[in-house]
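Visitor: need a structure here:
(one chain, ligands or ions: 1)
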Amino acid sequence: MAWASFAKLNAASSQWIGQQSFTQRTGSSSSTRFATRRVSVPIRAGAYTEELVKTAKTIASPGRGILAIDESNATCGKRLASIGLDNTETNRQAYRQLLLTTPGLGDYISGAILFEETLYQSTTDGKKFVDCLREEKIVPGIKVDKGLVPLPGSNNESWCQGLDGLASRSTEYYKQGARFAKWRTVVSIPCGPSALAVKEAAWGLARYAAISQDNGLVPIVEPEILLDGDHPIERTLEVAEKVWSEVFFYLAENNVVLEGILLKPSMVTPGAEHKEKASPETIAKYTLTMLKRRVPPAVPGIMFLSGGQSEVEATLNLNAMNQAPNPWHVSFSYARALQNTVLKTWQGRPENTEAAQKSLLVRAKANSLAQLGKYSAEGESEEAKKGMFVKGYTY
Ligand code: 13P
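Guide: Below you'll find the predicted structure:
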């Protein structure tokens, strides 16, 4: 109740700013004027506000983060091809089953982002994947965007599709057990970015966030600033600050309840082709500076993407960000940086399933320790140190 009325006030003040009505008390001995704020304005997330806040807090719980396995069928096909498997529904199901039935995964993972196909799939024994997750106390999530297409009028940039029909799709996803959503749009530094592309990315994210909250799904807000480029870290900082200020401007305009969202930013790093690499301490310093300047403490969790960093790099950077308390839970929502060694270990062979699950737990535990600021890279495998950056990567 408390949250509902708090959010109601927020909505009222942002939409009807300046429309306070002033009434003079009749029959009063004083001629004081009283301001009466209209608070009966319905809020977008009304019915679900308390649940959204609870879901977001569960995902942003100490020592846990998100396993992102929401690759589209085409991208999952690329992953499977890297170990010589065909891109069939059976192979995609087998791979996702391996990941989602890893015993003990819930000790380190609080949420799993699924692709639509996976949300409706079951294990070969007929147990729904969403039930496997719930048993481990992992919240099921769903990728809801429909991918990137060229943005006419821009500098070869893109925009993210998927708002049409999103409300009814989200209702169905909620019925199937999803409790959070993801929408990934990208911003390219070498392409500008143009003011148009940044505005479009921010507006699309805000509309998606409002629709998700209206249907009980905690929106993960992800404007991925791509690693591509040879620019220094200062340039990434400048672009990230611009992008996040626009995102929060439009989130506010759309009355999104900030206590019921999660962010998925890129870390602030030099461009992948820049002549010098930055240390985890430098990356942490720039990234936290940017976030502290742009992200209100009402937001419960920052769940970073890995963006092509190696598994070890992504974990070291996260660890560096958790050396001192932050206003928000600072954690991970990695795809490539949690899956690389797993895939290499599995090779599509049933006899390797257990070893592959163990390697997933190794990475999940390492990132859990990094969330708590207690990770050391000692004993990490060579495979885990290999970078995964792909120029112009599509997800
Ligand atoms: P990566 O961690 O591979 O960059 O994945 C990003 C993502 O958006 C997955 O949901």
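Visitor: can you name the residue of the stretch 1-150 of the chain nearest the ligand?
Guide: residue 68 (3.3 Å; CB to the nearest ligand atom). The way it works is simple: take the backbone N, C-alpha and C, and place the C-beta from them, glycine included.
Visitor: in contact with residue 179, which residues?
Guide: 51, 55, 139-141, 216-218 (CB atoms under 8 Å, 6 or more residues apart in numbering).
Visitor: identify the residues contacting residue 329.
Guide: By CB under 8 Å, 6+ apart, residue 329 lies in contact with 60-62, 300-302, 371.
Visitor: can I get the buried part of the residues you listed as one PyMOL selection?
Guide: To isolate the buried members of the contacts of residue 329 in PyMOL, using 16 or more other CB atoms under 10 Å:
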select buried, resi 60+61+300+301+302+371
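Visitor: which one (most neighbours) among the contacts of residue 179?
Guide: Each of the contacts of residue 179 was scored for neighbours by other CB atoms under 10 Å, and residue 218 scores highest at 33 neighbours.
Visitor: contacting residues for it?
Guide: Counting by CB under 8 Å, 6+ apart, the residues that residue 218 touches are 52, 55-56, 59, 179-181, 212, 260-262.
Visitor: now those residues as TSV including pLDDT, distance to the ligand and secondary structure?
Guide: Below are the contacts of residue 218 laid out as TSV (pLDDT from 0 to 100; distance: CB to the nearest ligand atom, whole Å; DSSP: H, G, I helix; E, B strand; the rest coil):
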residue	pLDDT	distance to the ligand	secondary structure
52	98	20	helix
55	98	17	helix
56	98	17	helix
59	98	14	helix
179	98	16	coil
180	98	12	strand
181	98	11	strand
212	98	15	helix
260	98	19	helix
261	98	16	coil
262	98	12	strand
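Visitor: count of neighbours near the residue lying closest to residue 123 once chain neighbours are set aside?
Guide: Spatial nearest neighbour of residue 123, chain neighbours left out: residue 97 (5.3 Å); criterion: CB to CB, 6 or more residues apart in numbering. When neighbours are defined as other CB under 10 Å, residue 97 has 20 of them.
Visitor: please begin residue numbering at 31 from this point
Guide: In the new numbering, first residue 31, that becomes residue 127.
Visitor: wasn't residue 127 part of a strand?
Guide: No. Looking at residue 127 with DSSP: H, G, I helix; E, B strand; the rest coil, it is helix, so not inside a strand.
Visitor: mind listing what it touches?
Guide: Counted by CB under 8 Å, 6+ apart, residue 127 has contacts 153-154, 159.
Visitor: for residue 124, same thing?
Guide: Listed by CB under 8 Å, 6+ apart, the contact partners of residue 124 are 154, 378.
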